[in-house]
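> model the following, please.
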Amino acid sequence: MNNELPAIRRALVSLPLIVIVVNALAVGAIDPLATVMIESHIRAQIDEVSAVFIARFLNAILPFILTSLASIWYYWPVFTSFWNGANDLSKMTVAARRLLDAPMITAALTGAGWLFGSPVIIFIGWIMGIDFLPGFYSQYLSHSFVLFGFSFVISYYGVETIVRRTLVNRLFTESEVLAVGSRFSLSIGARMIVFAMASFVIPGVMFIAAIMILNAGGDNNFGRDLFSILVWAIPILSLLVAFITWFKTLSIQSPITDLKVAAGRLGEGKFDERVTVRSSDELGVLGGAFNDMARGLQERERMRSIFGRVVDPRVRDYLLEHNASSLGEIRRATVVFFDLAGFTSLSETLPARKIVSILNLYFEAVSSCVEAEGGLVNKFIGDGVLAVFGVPAELSDHAERALKAIEALGRYIVRMNAKLKAKGYQALRFRAGVHTGEVLAGNVGSKSRQEYTVIGDAVNVASRLETLGKDYSAAVVVSKATLEASSGKRSMQRLGPAYIRGKQEKLEIYTFMIDHLGLTGDSP
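Coordinates of the predicted model:
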């Protein structure tokens, strides 16, 4: 930002100076314009009034002092807020909005002096008792209108150029301009009207005034009444310019409106939204780029959806948000190994397709119960399931949630068995091993292929406990670490110390009764 400060400061200083510079240019244009637009005898009456000091002060001095002071007052918060660049835009909302409103406000201030000065001359001339000649009002007010118009348009486009090309891109990021908002931001159609006024209306007024002077009421060197021609020519020409401006506005505004609507729908998640490209110019290229972007987002969302079915969406979002490294992180969690009891004998009696259907029902039951308690189904291993609670999102009560998930699965299996028995299938039974401890959670695999998983002693122990269920005829085997970490009150039966393969010391294990569900851990 420091290397941008000189450009920012030069741009900020130039904004109020535009009021002074444009007004100075307009003052220099008074006499040349008056020569073209005002007859000499009417200029003499204006000079007579302007010779009075109070008239000259109110007409030519005071309005520009007031507009200059007003512009400095208007820009002061902008100076104090952005002189050293933008730090916290949320604290600069007023200054930021003034900066975005600057083109219209500056143009209004610049032109205000010319609107204020005209009535002063007329009013003081009336007090002085001057009998204004025919054509005075039309010629003098037209002259003032042209000065106002040029001052307004030049100021508007000058300030807009500085704000947009120099300041906004250095002080705002991304869509902050939309968040701040502007009370006087002109639409494309309004800008086209300003452009039409600058290119036709103001010169047109000058042209009409000059022709009326040359016309001399029909007594001119051309030998014909030019005004009667202008009465029809000017309105027709004005109508043509209005139509041209309208059509040009439509040709620009219509594709931009289409893009705006399509972008809004895209933001709502409608990724199949496209715009019709109507031309090969810059707007057409922009529409084509939008369609390419929409197709890319649609493809990304499709991949995200497929990825979310293969990998738990929480893991997907966690990895995308945190950019987790392959080294992983140490977490205290509760690991559960589920196994479908008697799966081998079941596989021998049913066709493969039936086995897959039953497995899918079982996996759906496990997944639903685990995810309902905030757990993560990490992987399916044959007929087994590895679930973990406390990864990737931390859970303070992960042990209790794991036990609740097992209880919920018991109730789920009972309901499922009733449906399976009605179809003549064997009832399903499951075993579960539960242990709480530290695990390493992260991406594991080769450089070309990785998966998010948990590894560590806690995972191995949970797997061994599930296997011990066969020896103890217990559907659920829980370690002492899990029992101590859980907070719920349930009837636990101590199974005693048991040797765990790979562990030197015996491990205290427990089971809790789910006999009322008709489930045991026995093999058929």
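
> in stretch 56-76, what counts as buried?
56, 58-60, 62-64, 67-68, 70-71, 74-75 (16 or more other CB atoms under 10 Å). Heads up, the C-betas are built off the backbone N, CA and C, glycines and all.

> show only the entries of those residues found in strands.
Assigned to strands by DSSP state E, none of the buried residues of stretch 56-76 qualify.

> sort out for me which of those are in helices.
56, 62-64, 67-68, 70-71, 74-75 (DSSP state H).

> including pLDDT, could those residues go into TSV?
Formatted as TSV, those follow (pLDDT from 0 to 100):
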residue	pLDDT
Arg56	77
Leu62	81
Pro63	80
Phe64	78
Thr67	81
Ser68	81
Ala70	86
Ser71	85
Tyr74	89
Tyr75	88
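
> give me the number of residues near Ser40?
9 (other CB atoms under 10 Å).

> meant to ask about Leu115
The number of residues near Leu115, taken as other CB under 10 Å, comes to 16.

> what pLDDT does it get?
With respect to pLDDT, Leu115 scores 77.

> okay, stretch 494-509 in CSV with CA atoms only?
Written as CSV, here are the backbone C-alpha positions of stretch 494-509 (Å, rounded to 0.1, in the frame of the first residue of the first chain):
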residue,chain,number,x,y,z
ARG,A,494,-17.4,-55.3,33.9
LEU,A,495,-15.8,-58.0,31.8
GLY,A,496,-12.5,-57.8,33.6
PRO,A,497,-8.9,-57.3,32.5
ALA,A,498,-8.1,-58.7,29.0
TYR,A,499,-5.0,-59.1,27.0
ILE,A,500,-5.0,-57.0,23.8
ARG,A,501,-2.8,-58.2,21.0
GLY,A,502,0.2,-55.9,20.7
LYS,A,503,-0.3,-54.5,24.3
GLN,A,504,1.9,-55.6,27.2
GLU,A,505,-0.6,-54.7,30.0
LYS,A,506,-4.1,-56.0,30.4
LEU,A,507,-6.9,-53.6,29.6
GLU,A,508,-10.1,-53.2,31.7
ILE,A,509,-13.1,-53.8,29.4
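
> list the buried residues of that stretch.
Quick answer for stretch 494-509 (16+ other CB under 10 Å): 495, 498, 500, 507, 509.

> which ones are touching the second one?
In this structure, Ala498 makes contact with 468, 506-507, 509, judged by CB atoms under 8 Å, 6 or more residues apart in numbering.

> and what of the last one?
Residues touching Ile509, when contacts are defined by CB under 8 Å, 6+ apart, comprise 465, 468, 472, 477-480, 494-498.

> adding distance to Ala179, write the residues you listed out as JSON lines.
Shown next, in JSON lines, are the contacts of Ile509 (distance: CB to CB, whole Å):
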{"residue": "Leu465", "distance to Ala179": "54"}
{"residue": "Leu468", "distance to Ala179": "60"}
{"residue": "Tyr472", "distance to Ala179": "63"}
{"residue": "Val477", "distance to Ala179": "56"}
{"residue": "Val478", "distance to Ala179": "53"}
{"residue": "Ser479", "distance to Ala179": "53"}
{"residue": "Lys480", "distance to Ala179": "55"}
{"residue": "Arg494", "distance to Ala179": "62"}
{"residue": "Leu495", "distance to Ala179": "62"}
{"residue": "Gly496", "distance to Ala179": "65"}
{"residue": "Pro497", "distance to Ala179": "64"}
{"residue": "Ala498", "distance to Ala179": "62"}
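
> so which of those sit within strands?
477-479, 494-498.

> of those, closest to Val444?
Ser479 (23.9 Å; CB to CB).

> state the pLDDT value of the closest one.
94.

> how near is it to Lys503?
11 Å (CB to CB, to the nearest Å).

> just the endpoints, please. Distance across stretch 488-504?
30 Å (CA to CA, to the nearest Å).

> now do that stretch, average pLDDT.
For stretch 488-504, mean pLDDT is 85.

> what's the answer for stretch 7-20, then?
86.

> dump that stretch to CSV, keeping only the CA atoms.
C-alpha atoms of stretch 7-20 as CSV (Å, rounded to 0.1, in the frame of the first residue of the first chain):
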residue,chain,number,x,y,z
ALA,A,7,-1.0,8.2,-6.6
ILE,A,8,-3.8,8.1,-3.9
ARG,A,9,-2.9,11.5,-2.5
ARG,A,10,-2.6,13.1,-5.9
ALA,A,11,-6.0,11.8,-6.9
LEU,A,12,-7.6,13.0,-3.6
VAL,A,13,-6.2,16.5,-4.0
SER,A,14,-7.3,16.7,-7.6
LEU,A,15,-11.0,16.0,-6.8
PRO,A,16,-11.9,19.4,-5.2
LEU,A,17,-9.5,21.2,-7.5
ILE,A,18,-11.7,20.1,-10.4
VAL,A,19,-14.4,22.4,-9.1
ILE,A,20,-12.0,25.4,-9.2
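
> so what touches it?
Contacts of stretch 7-20 (CB under 8 Å, 6+ apart): 64, 67-68, 71-72, 74-75, 78-79, 82-83, 85, 102, 106, 109-110, 155, 158-159, 162-163, 166-167, 170-171.

> buried ones among the residues you listed?
The buried subset of the contacts of stretch 7-20 (16+ other CB under 10 Å) comprises 64, 67-68, 71, 74-75, 78, 82, 102, 106, 109-110, 155, 158-159, 162-163, 166-167, 170-171.

> tell me the helix or strand right after the lowest-mean-pLDDT helix or strand in the chain.
Ranked by mean pLDDT, DSSP states H and E, the weakest helix or strand in the chain is helix 313-322, scoring a mean of 67. Remark: after helix 313-322, the chain's next helix or strand is strand 329-341, criterion DSSP states H and E.

> give me the buried positions along whichever helix or strand comes after that next one.
Where DSSP H and E defines the elements, the next helix or strand beyond strand 329-341 is helix 343-349. Across helix 343-349, burial judged by 16+ other CB under 10 Å covers 343, 346.

> which is the next helix or strand following helix 343-349?
Next along from helix 343-349, by DSSP H and E: helix 352-372.

> and the angle for the next helix or strand after that following helix with helix 352-372?
Downstream of helix 352-372, the first helix or strand assigned by DSSP H and E is strand 376-381. Using axes from the mean of the first three to the mean of the last three CA atoms, to 10 degrees, the direction of strand 376-381 lies 160 degrees away from that of helix 352-372.

> relative to Phe116, how far out is Leu147?
12 Å.

> with Leu171 instead?
Relative to Phe116, and taking CB to CB, Leu171 is found at 33 Å.

> out of the buried residues of stretch 56-76, which comes closest to Val94?
Tyr74 (11.3 Å).

> test my guess that that closest one contacts Met104.
No: in this structure, Tyr74 is not within contact of Met104 by CB atoms under 8 Å, at 11.3 Å.

> picking that back up, what's the farthest-apart pair in the buried residues of stretch 494-509?
Longest span within these, CB to CB: Leu495 and Ile500, 12.4 Å.

> now the contacts of Ala498 in CSV, with distance to Val22 and secondary structure?
As requested, the contacts of Ala498 are exported to CSV (distance: CB to CB, whole Å; DSSP: H, G, I helix; E, B strand; the rest coil):
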residue, distance to Val22, secondary structure
Leu468, 90, helix
Lys506, 92, coil
Leu507, 87, strand
Ile509, 88, strand
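
> so what's the closest residue to Phe82 other than its chain neighbours up against?
Nearest residue to Phe82, sequence neighbours excluded (CB to CB, 6 or more residues apart in numbering): Leu171, at 5.7 Å. Leu171 makes contacts with 8, 82, 85-86, 89, 96, 99, as judged by CB under 8 Å, 6+ apart.
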